[in-house]
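J.: dropping a prediction and its sequence here:
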Amino acid sequence: MASFFRIYNAALIQRPMIAQSATAAFLFGAGDIIAQQAIERQGKKHDFMRTARLTFYGGAFFGPALTKWYQVLNRIKFASPTKGVIYRVWLDQALLTPVAVGFFFGTMSILEGKGISGAVDRISENYQPTLIRNWGVFIPTQIINFAIVPHHLRFAVVSVVSLFWNTYLSAVNAQTHQEDKDKHTD
């Protein structure tokens with residue numbers, strides 16, 4: 001196990017985009033599997049296309065975007081470490097998070113074949129409650145992350161917390177997707 005962490009740590013330093021995108025893909029997929037099996041109790045009715053969509057989203061969109069975002073945040077210099085933590089958390093939660101939450105629901109709707117109007121509907125229904133819950137989870141996480149975690153491991157810390165967050169997102173997205181199906185079959 002220690003050798004795995006050494007290899008992973010080296011990959012985070014040497015090839016951050018690949019390592020972090022692969023991590024995001026894995027954790028988005030794992031979050032969906034947990035949502036389907038532990039929360040929704042799908043059992044053998046597991047929706048593999050849903051897991052594939054979330055895995056794709058994590059690896060193709062979320063991982064690369066967050067990798068670049070952390071690179072930008074890490075380059076910004078602040079007058080003191082405390083100001084650095086405060087401003088990085090503010091930038092992360094006030095700029096990136098509102099865009100990321102909307103982008104997630106919009107992208108999932110489009111990948112599900114709902115088109116732009118379906119994306120607009122899903123975003124309008126889920127955006128605000130999800131954003132508020134996100135802040136409750138990630139503001140404390142990011143304070144700790146930016147205060148004590150080395151730069152190259154910040155994505156990994158967020159990724160561990162994100163496993164649980166992705167489970168939540170998957171469940172919320174699936175609930176809305178099912179409600180959309182039910183509306184069209186009534």
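T.: Perfect, I can see it now.
J.: where in this structure is pLDDT low?
T.: Along the chain, the model assigns pLDDT under 70 to residues 177-186.
J.: max-length helix in it?
T.: Ordering each helix of the chain by length in residues (DSSP state H) puts helix 115-148 first.
J.: which secondary structure elements does the helix or strand just after that helix contact?
T.: The first helix or strand that comes after helix 115-148 along the chain, using DSSP states H and E, is helix 154-185. Applying 3 or more CB pairs under 8 Å, 6 or more residues apart in numbering; DSSP states H and E, we find helix 154-185 packed against helix 2-14, helix 16-34, helix 48-57, helix 63-75, helix 97-111, helix 115-148. Every residue, glycine included, has its C-beta placed from N, CA and C.
J.: okay, the ones you listed, which one's buried deepest?
T.: Mean neighbours per residue, mean count of other CB atoms under 10 Å, is largest over the helices and strands packed on helix 154-185 for helix 16-34, with a mean of 21.
J.: may I have it as CSV, with CA atoms only?
T.: The C-alpha trace of helix 16-34 is given here as CSV (Å, rounded to 0.1, in the frame of the first residue of the first chain):
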residue,chain,number,x,y,z
PRO,A,16,-0.7,16.2,-12.5
MET,A,17,-3.3,16.5,-15.4
ILE,A,18,-3.3,12.7,-16.1
ALA,A,19,-3.2,11.7,-12.4
GLN,A,20,-5.9,14.1,-11.3
SER,A,21,-8.1,13.4,-14.3
ALA,A,22,-7.9,9.7,-13.7
THR,A,23,-8.6,10.2,-10.0
ALA,A,24,-11.6,12.4,-10.8
ALA,A,25,-12.9,9.8,-13.2
PHE,A,26,-12.5,7.0,-10.7
LEU,A,27,-14.1,8.9,-7.9
PHE,A,28,-17.1,10.2,-9.9
GLY,A,29,-17.7,6.6,-11.1
ALA,A,30,-17.3,5.2,-7.5
GLY,A,31,-19.6,7.9,-6.1
ASP,A,32,-22.3,6.8,-8.6
ILE,A,33,-21.8,3.2,-7.8
ILE,A,34,-22.2,4.0,-4.1
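J.: run the angle between it and helix 97-111 for me.
T.: Orientation check (axes from the mean of the first three to the mean of the last three CA atoms, to 10 degrees): helix 16-34 against helix 97-111 gives 70 degrees.
J.: residues contacting residue 142?
T.: By CB atoms under 8 Å, 6 or more residues apart in numbering, the contact list for residue 142 reads 88, 89, 92, 93, 158.
J.: would you convert those into CSV that also reports secondary structure, distance to residue 2 and neighbour count?
T.: Output for these, formatted as CSV (DSSP: H, G, I helix; E, B strand; the rest coil; distance: CB to CB, whole Å; neighbours: other CB atoms under 10 Å):
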residue, secondary structure, distance to residue 2, neighbour count
88, helix, 30, 21
89, helix, 31, 21
92, helix, 31, 22
93, helix, 34, 16
158, helix, 23, 22
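J.: for the closest residue to residue 108 other than its chain neighbours, the count of nearby residues, please.
T.: Distances taken as CB to CB, 6 or more residues apart in numbering place residue 173 nearest to residue 108, at 5.2 Å, with adjacent residues excluded. By other CB atoms under 10 Å, 23 other residues sit near residue 173.
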